[in-house]
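> Sharing a sequence plus its predicted fold:
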Amino acid sequence: MIRITFLNSDGKVVEAPPNSNLLRVSLKEKGGIPFKCGGGLCGTCKCRIEQGMAHTDAVKPKERRHLSDAQLAEGYRMACQTFVNGDIAVSW
């Protein structure tokens with residue numbers, strides 16, 4: 001199992017299987033990441049991977065529509081498009 005820390009939710013830590021979708025884990029575990037569509041269309045679930053960026057998958061084309069190169073370099077991702085394979089800490 002991997003550990004995901006939701007920093008904006010008082011540092012809530014949850015466990016999930018490897019290759020878990022970040023937004024789905026947030027919804028299931030009440031992590032608190034904001035969302036509207038859940039499908040990469042609205043950009044509402046923009047979040048920042050504060051620790052463990054190496055444990056996320058490659059950036060998707062849908063994310064590039066909402067996030068600039070500078071934001072991506074700073075660790076921003078869209079939770080609905082991000083799959084996690086190791087421990088991370090996330091804020092929004």
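That came in fine, so what should we check first? Numbers count the residues shown, from 1 in each chain.
> what's the longest helix in this protein?
If you go by DSSP state H, the chain has its longest helix at helix 22-29.
> buried residues in it?
Buried residues in helix 22-29, counting neighbours by 16 or more other CB atoms under 10 Å, are found at 22-23, 25-27, 29. No exception for glycine: its C-beta is placed from N, CA and C like everyone else's.
> How many residues are close by the closest residue to Thr56 other than its chain neighbours?
Distances taken as CB to CB, 6 or more residues apart in numbering place Thr82 nearest to Thr56, at 5.4 Å, with adjacent residues excluded. If you count neighbours by other CB atoms under 10 Å, Thr82 ends up with 22.
> Can you tell me the centre-most residue of this structure?
Geometric centre of the chain, nearest residue: Ala79, 3.5 Å, by CA atoms, centre = their mean.
> about what we covered before: let me have the buried residues of helix 22-29 in TSV, extended by distance to Glu63 and pLDDT.
Putting the buried residues of helix 22-29 into TSV (distance: CB to CB, whole Å; pLDDT from 0 to 100) gives the following:
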residue	distance to Glu63	pLDDT
Leu22	12	98
Leu23	12	98
Val25	17	98
Ser26	16	98
Leu27	18	98
Glu29	22	98
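> Hmm, the residue nearest to Thr56 is touching Leu22, no?
Yes. Here Thr82 reaches Leu22: they are 4.4 Å apart, a contact under CB atoms under 8 Å.
> Who are the contact partners of the residue nearest to the centre of the chain?
21-23, 26, 33, 35, 45-47, 90, 92 (CB atoms under 8 Å, 6 or more residues apart in numbering).
> now these: which count as buried?
For the contacts of Ala79, a burial check counting by 16+ other CB under 10 Å picks out 21-23, 26, 33, 35, 45-47, 90, 92.
> For Glu63, state which of those is nearest.
Distances from Glu63 to those, taken as CB to CB, are shortest for Lys46 (9.0 Å).
> What's opposite that closest one in the beta bridge?
Counting by DSSP bridges, Lys46 forms beta bridges with Met78.
> List the contacts of it.
Contacts for Lys46 (CB under 8 Å, 6+ apart) come out as 66-67, 71, 76-79, 92.
> and the residue nearest to Pro34 when sequence neighbours are not counted, how far is that from Arg65?
Leaving out its chain neighbours, the residue that sits closest to Pro34 by CB to CB, 6+ apart is Thr44, at 5.5 Å. Look at Thr44 and Arg65: by CB to CB, to the nearest Å, they are 13 Å apart.
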